[in-house]
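*Asks:* curious how this folds, go ahead:
(chains A, B and C)
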Amino acid sequence: MTEMKSQISNVVSDFFFEYETQRQVLVRNRRVGVVCRLIQLGVLGYIIGWVFIYEKGYQSTDTAVSSVYTKMKGVGYTNRSGLEQIWDVADYVFPSQGDASFVVMTNFILTENQTMGKCPEVCEESVSCPPPPLLCDASIKSQIQGHMTGLCLKQTGTCEVLAWCPVENDATIPDPPLLMSAENYTLFIKNSITFPLFDVTRSNLVEGIDGKYISKCLYHPDNDPLCPIMRLGDIVKFSGFNFTTIAKVGGAIGILVDWTCNLDRAVRHCKPFYTFHGLYGNPGETDRARASVGYNFRYAKHYMEEGQAKRTLIKVFGIRIDIIVQSLARKFDIIPTLTAIGSGVGIFGVATIVCDLVLLYVLPKREFYKNMKYKYTDTHQQVSFEK
Amino acid sequence: MTEMKSQISNVVSDFFFEYETQRQVLVRNRRVGVVCRLIQLGVLGYIIGWVFIYEKGYQSTDTAVSSVYTKMKGVGYTNRSGLEQIWDVADYVFPSQGDASFVVMTNFILTENQTMGKCPEVCEESVSCPPPPLLCDASIKSQIQGHMTGLCLKQTGTCEVLAWCPVENDATIPDPPLLMSAENYTLFIKNSITFPLFDVTRSNLVEGIDGKYISKCLYHPDNDPLCPIMRLGDIVKFSGFNFTTIAKVGGAIGILVDWTCNLDRAVRHCKPFYTFHGLYGNPGETDRARASVGYNFRYAKHYMEEGQAKRTLIKVFGIRIDIIVQSLARKFDIIPTLTAIGSGVGIFGVATIVCDLVLLYVLPKREFYKNMKYKYTDTHQQVSFEK
Amino acid sequence: MTEMKSQISNVVSDFFFEYETQRQVLVRNRRVGVVCRLIQLGVLGYIIGWVFIYEKGYQSTDTAVSSVYTKMKGVGYTNRSGLEQIWDVADYVFPSQGDASFVVMTNFILTENQTMGKCPEVCEESVSCPPPPLLCDASIKSQIQGHMTGLCLKQTGTCEVLAWCPVENDATIPDPPLLMSAENYTLFIKNSITFPLFDVTRSNLVEGIDGKYISKCLYHPDNDPLCPIMRLGDIVKFSGFNFTTIAKVGGAIGILVDWTCNLDRAVRHCKPFYTFHGLYGNPGETDRARASVGYNFRYAKHYMEEGQAKRTLIKVFGIRIDIIVQSLARKFDIIPTLTAIGSGVGIFGVATIVCDLVLLYVLPKREFYKNMKYKYTDTHQQVSFEK
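*Replies:* Just a heads-up that it's a prediction; the model follows:
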C-alpha cells in the first residue's frame, strides 16, 4: 500500500514538477541566420497580414434568412387604333401579391373573344407553314395551338384544329413596344434579414429612412444608394440592357441585395448594397445565348358571355425582375482565431524544415553542423551514460 | 554500378532504419513545472472540451435542398350592409397553388364595376388634394390612378383622368377588419428536405404522424411541437404581433422550419423545429420601421358584361406568410477531426514557446537553463566531435 | 548612448545572424525505424492523397446566386360527356409567368356556375355525413364549405350553409385522370448562375446549344444530358413515380440542377447536371408518408352574369415541379492550401509523439534511449557548463 502510494505520488510529482524543453543548437552563421530569419518573418507576415487582417481569419461567418416584399407603382397608357386605355398595377404586374420574383408587362399580343371550337391553324408565313400537299392527319404534330380534327382547309392552307378560336397569331411582335411608359414605373423593395448565429435582424429601411424620405427619394448608386425606391428605366440601364430592346421581346434582370456585415463594428454599419445584373442574354454575350431570346408567357382571362365560356388570351412580353439576397456576416470567434494560429505554427515548422535542409546538406560546414545537431546511437555500441 | 547500388542501399537503409527524436532538457523546478503543466492541460482541455465536444469540430456539415407545400383551410364570413358573403380558400389565398410564400386576406377595399373611361380623381381630404387654383396639366404627376386628360373638374376640385372608373377611394381602411374570422383558419405545411452530402431525406411528417393524428392535431410549442397544422391566430400570437392590428393593415410573418440534425445519431432524431417571426415592423421596432407599415397589394378580376370590359378592383390587406427552411446536418468525418487535432498540436507549440520564454528570461537560474538548452557553434572555433 | 546603441546592435545581430535548430537523437534500431517511417509515410500519404487530391483541400469554395425561368409547351384534350375541350398552357399551368416552382394540372373536379346563397352541405357517404339525429347548430364545425345557417335539411340529411352554391362534391376523383395527355407536354428550363466570389457567370444553355439544337432536342440522361427541354412523362419516370398514379391525385417532383465546377479548369467544363426526385410520397416510402397523399389546391374563376357575381371552382390535381439549383465551385486559393499544410505538420507531430512513446516506454533498451534523449537538471546540483 505504502509502496503504491509512493509510486503514484512519484508519478504525479514527476508530471507536475518537471518541465521538458527542446535542446537546440545555436548556429552563428550570417548567411544562414539572415536567410532563415527572413523566411520566418515572411511566414509571420503572411499569418498576421493575410490570414488575420485581409481574409479576417479570426472571425466566424454566417449567412442570413431573408424575406422580400415588393410593390410597383405607375400607370401605363396605350392608344391602339383610337382605343385609349390605361394599365395600372393590377393589370401589368404578375403575380399581384408582391413577391421577390415578378414580371412587369411592357408589350403584348391580345387575342380577344376566344371560344372553344374548330378553326384553321395560323402559320408564320413560309417559316412554319406546312408545304403542299397539305397533310392533316391527327398524328402530325400540331402547331401547339390545338388538337387536329383531320380536316384540311384549302383557303388558309393549314389544318383545322379544335382550339380556342380564333387562334392566336404571334408572328409580329408590336414595335415600338406598347407599354414604353413602363420606363417611369417605380419599384419599392422591403427586405428583412436575420443572421441566426449572431441573432442580428436588419431591414433595408435603415436608420435615417423614414416616411418623409421614402415619399420623395429615388435610388441612385452615388447620391441615394440606400433609397429603396427605384425607377424601372434606371434598373434596366444599370443592368446594361437597352430599355427599348428589352421592352419589345422581354428580358430578365436580377437585383442583388448584398449584405456584407462586420458585426464587430456597430450594427448600424450593416447596410444593403444594390447591384443590377442582366440575365439570360446580356447584349455582351456570345451567339450561343441567342438560342433563346427574351421573356414571355401566355396568360388567359376567362369569363362567361351569354352562357358561353370565353377567354381573352394575352401573350405577355415583359421584364422579369428577380430580387436575390446575398449575405455574409462576420464576427470575432475564438475557434477560427486559434485554428489560424495553430496552422500558422505548423507553417513555421515547414520554414524550419527548409532551413534545416540548407544547413545540413548545402553549406560548406554541413558535416560540422550535422554532428552538432545529431547524437547517434548504435545497438552494438556501449555508450557512457551522461547525467 | 556496384558503388551506386551500395550508395542507394545506404540511403534507403539510413531512411528506413533510423529514427530521429528530439533531445530534451528535463527541468526539475516546481514553479515552472506546475505553471507549464497547467498551461498545457488548459490547452488540452480547450481542444477536447470546446473544439470537440461543444463546437463538434470532429464533424463536417451540410445544408439541405428543400421543398415546401402549404394548404390553408377555413371559411370567412362577412355581412356588409346586409349583403352576406362567405370567403373560402379559393377567394382569400394568393396565390392559389400552395407555395411557400402566400398571403391570407384579412381586410379589403372593394371597387366594383370599373370600366375604362374618364372620371375625376379621388383625393384624400386635404392630405393629397391639390391646393387651389387647380392645375390639371398633363405633366402634373397624377395621383397614380390614371392618365391626365387636362380637364379640371370644379365639383370635386380634382383633375379628370382616363382610368378604370369609378376610381378607387382607399382613404379609409375598414375597422374592424372585415375578415377577422381568418383567426380560425388553419395552415398545413408539408416540407421535404434532402442533405445531398450525406444522402439523407426527411419529411416534416415524421415517425408517429399518420392520417389520424393529422386530422385532429393542432400545433402547440409544448404539447404538439411536431403537428404540421397551425391555427392562423396562434401563428400571429407566437410571432409577437397582435391579430387585430395586423389584420387591419396587413403584416408579414416568417415561419422558420429549423432542421439541426446530428447524423451520428439515429436518423429518426432528425426533426423540424418551428419558430415564428414578425417581419417588417414588429411592434417592438423603432420609429424607422414605421416608414412603411402593413402589407397590401391590388388585385383585379376582369370580366365582360354586355360586350364591355369591366373589372372589380380589390385592395387586399393581409397576412403574408413566408415559410423559410433553415438546415444544418453534422456527421463525423475524418478530415475536420484531423485538422482540429493538427491545429491543436500547433497551439500546444505556442504554449511551449510561452513556457520557454519564462524559463529563459524570467527565472533566477535562467543563465543555467540557457546553457542546458542551447549548444553554441562558432565558425572561428574548432569544436571536438562527439559521437 | 553608445552603450544603448551597442546593446541594440547586439540584439539585432543576435536575432539576424543566429539560427536555432533542434538537437536530435538518431536512433539506429531497425524495428523502431521501419515502424516510425511507415507511420510518417502514412501521414504524408493521407495529407497528399486524401486532403489534397481527393477532398481538394487546396481550393476554396463558393455557392452561386441563381435565377430560373421555365416554359411549358403542349396541348391537352378532354371529351367529357361529348363536350370536347382542349387545354393549353394558359389553362393548365399555375402560375402563368414561368417561375421555378409551378403546377401542371393533370386532373380536376369542376363545379360550375356557383353563386353565393344557401344550400345543403355535401357529405361523403357515411364517411363524414353527420349521424342522426342531425344537429345544425352554428357551433358545429362545418364541412369547411360554408357558414352554418342553423337549418337542418331532411332531404339530404345535412345542414344548410351559406356558401358558393352548389357546393363542391369532391368525393370521387376522376379515374382515369382527365388530362393524361399531359405526359407529352414539354418543359423548357433556362437557368443562369453566378459565382460572386470568383466572378463567373454561366447559363445552362452551354456552348454547343443554339436555336437549331433546341428546336429538335429532348433531354435524355445518356444521349442528350445537356438538352434543356424535357418531356413531362420522362420527368415523372426518372423521378421514380408512375405517371398514371401521380396524374390522378397529384404529386410533387424536384428537378435538381447541379453545378459542381472546378474553376481551375477551363470554364467551359462548368456544366449543369440534372436529377429528378419524387417528393412527399415516393411510392417507396413507408406508411407514415401516407399521412398526406397527392397534391391539390382549389382555384376559382370569377365572372359576372346578368349582374350577378358567379364563379367556377376548380379543384386542381397536378404535378408540382420545383426546380432547385445546387451549386459548388472550387478554385485554388493559397489560404486553404497553407492551412492544410500547417495542420498536416501538426499531425506529423502526433505521429512523432506516438513513436517517442514506443521508444521510451516499450522497447527493451528504453532506459538507454531515455538517457540519450533527456538531459536532467536539478536545482541542488552544480553542473559544469558545456560550450
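*Asks:* what strand or helix carries the residue of the stretch 251-387 of chain A found nearest chain B?
*Replies:* Of all residues in the stretch 251-387 of chain A, the one sitting closest to chain B is A:Gly342 (3.2 Å; Cβ to the nearest Cβ). Quick note: C-beta positions are derived from backbone N, CA and C, even for glycine. Using DSSP states H and E, A:Gly342 sits in helix A:334-361.
*Asks:* for the stretch 51-200 of chain A, just list every one of the strands.
*Replies:* A:59-62, A:65-73, A:76-80, A:83-87, A:93-94, A:101-120, A:147-153, A:158-165, A:186-195, A:200-203 (DSSP state E, counting those that start in this stretch).
*Asks:* typo on my end, it should be the stretch 251-387 of chain A
*Replies:* A:251-262, A:273-279, A:296-305, A:308-332, A:374-376.
*Asks:* can you lay out those as TSV showing mean neighbour count and mean pLDDT?
*Replies:* Putting these into TSV (neighbours: other Cβ atoms under 10 Å in any protein chain shown; pLDDT from 0 to 100) gives the following:
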stretch	mean neighbour count	mean pLDDT
strand A:251-262	21	91
strand A:273-279	19	89
strand A:296-305	20	89
strand A:308-332	20	91
strand A:374-376	18	71
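*Asks:* got those as JSON lines, with distance to C:Phe16 columns?
*Replies:* Output for the strands of the stretch 251-387 of chain A, formatted as JSON lines (distance: least, Cβ to Cβ, whole Å):
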{"stretch": "strand A:251-262", "distance to C:Phe16": "37"}
{"stretch": "strand A:273-279", "distance to C:Phe16": "46"}
{"stretch": "strand A:296-305", "distance to C:Phe16": "72"}
{"stretch": "strand A:308-332", "distance to C:Phe16": "34"}
{"stretch": "strand A:374-376", "distance to C:Phe16": "26"}
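*Asks:* wait, which of the ones you listed is closest to A:Pro166?
*Replies:* The minimum distance between A:Pro166 and the strands of the stretch 251-387 of chain A falls on strand A:308-332, with 9.9 Å, by Cβ to Cβ.
*Asks:* what pairs with that closest one, parallel or antiparallel?
*Replies:* Take DSSP bridges as the rule and strand A:308-332 pairs in its sheet with strand A:59-62 (antiparallel), strand A:101-120 (antiparallel), strand A:251-262 (parallel), strand A:296-305 (antiparallel).
*Asks:* mind exporting the first one as CSV, just the C-alpha atoms?
*Replies:* Pointing back at strand A:59-62 there. C-alpha atoms of strand A:59-62 as CSV (Å, rounded to 0.1, in the frame of the first residue of the first chain):
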residue,chain,number,x,y,z
GLN,A,59,-13.9,35.7,-37.5
SER,A,60,-16.6,33.1,-37.9
THR,A,61,-19.2,33.7,-40.7
ASP,A,62,-22.9,33.3,-41.1
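*Asks:* quick revisit: with distance to B:Asn371 as added columns, please give the strands paired with strand A:308-332 in JSON lines.
*Replies:* As requested, the strands paired with strand A:308-332 are exported to JSON lines (distance: least, Cβ to Cβ, whole Å):
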{"stretch": "strand A:59-62", "distance to B:Asn371": "44"}
{"stretch": "strand A:101-120", "distance to B:Asn371": "75"}
{"stretch": "strand A:251-262", "distance to B:Asn371": "49"}
{"stretch": "strand A:296-305", "distance to B:Asn371": "86"}
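*Asks:* now stretch A:118-134: average pLDDT?
*Replies:* Mean per-residue pLDDT for stretch A:118-134: 68.
*Asks:* sorry, back to before: okay if I get the strands of the stretch 51-200 of chain A as CSV plus distance to B:His269 and mean neighbour count?
*Replies:* Formatted as CSV, these follow (distance: least, Cβ to Cβ, whole Å; neighbours: other Cβ atoms under 10 Å in any protein chain shown):
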stretch, distance to B:His269, mean neighbour count
strand A:59-62, 24, 17
strand A:65-73, 23, 20
strand A:76-80, 56, 15
strand A:83-87, 55, 16
strand A:93-94, 43, 24
strand A:101-120, 36, 20
strand A:147-153, 53, 16
strand A:158-165, 54, 23
strand A:186-195, 26, 22
strand A:200-203, 29, 19
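*Asks:* can you tell which of those strands is closest to C:Gln155?
*Replies:* Of the strands of the stretch 51-200 of chain A, nearest to C:Gln155 by Cβ to Cβ is strand A:101-120, at 35.4 Å.
*Asks:* so where's the stretch 1-150 of chain A shaky on pLDDT?
*Replies:* Where the stretch 1-150 of chain A drops to pLDDT under 70, the residues are A:124-144.
*Asks:* quick one: contacts for the closest residue to chain B within it?
*Replies:* Proximity of the stretch 1-150 of chain A to chain B (Cβ to the nearest Cβ) peaks at A:Ala90, 3.7 Å away. Contacts for A:Ala90 (Cβ atoms under 8 Å, 6 or more residues apart in numbering or on different chains) come out as A:Ser96, B:Arg298, B:Tyr299, B:Ala300, B:Arg311, B:Leu313.
*Asks:* in these, find the pair that's most separated.
*Replies:* A:Ser96 and B:Arg311 (12.6 Å).
*Asks:* show me which residues of the stretch 1-150 of chain A sit near chain C.
*Replies:* A:20, A:22-30, A:32-34, A:36-37, A:46, A:50-51, A:55, A:57, A:94-95, A:101-103, A:116, A:142, A:144-147 (Cβ under 8 Å from any Cβ of the partner chain).
*Asks:* now stretch A:240-249: mean pLDDT?
*Replies:* The average pLDDT for stretch A:240-249 rounds to 90.
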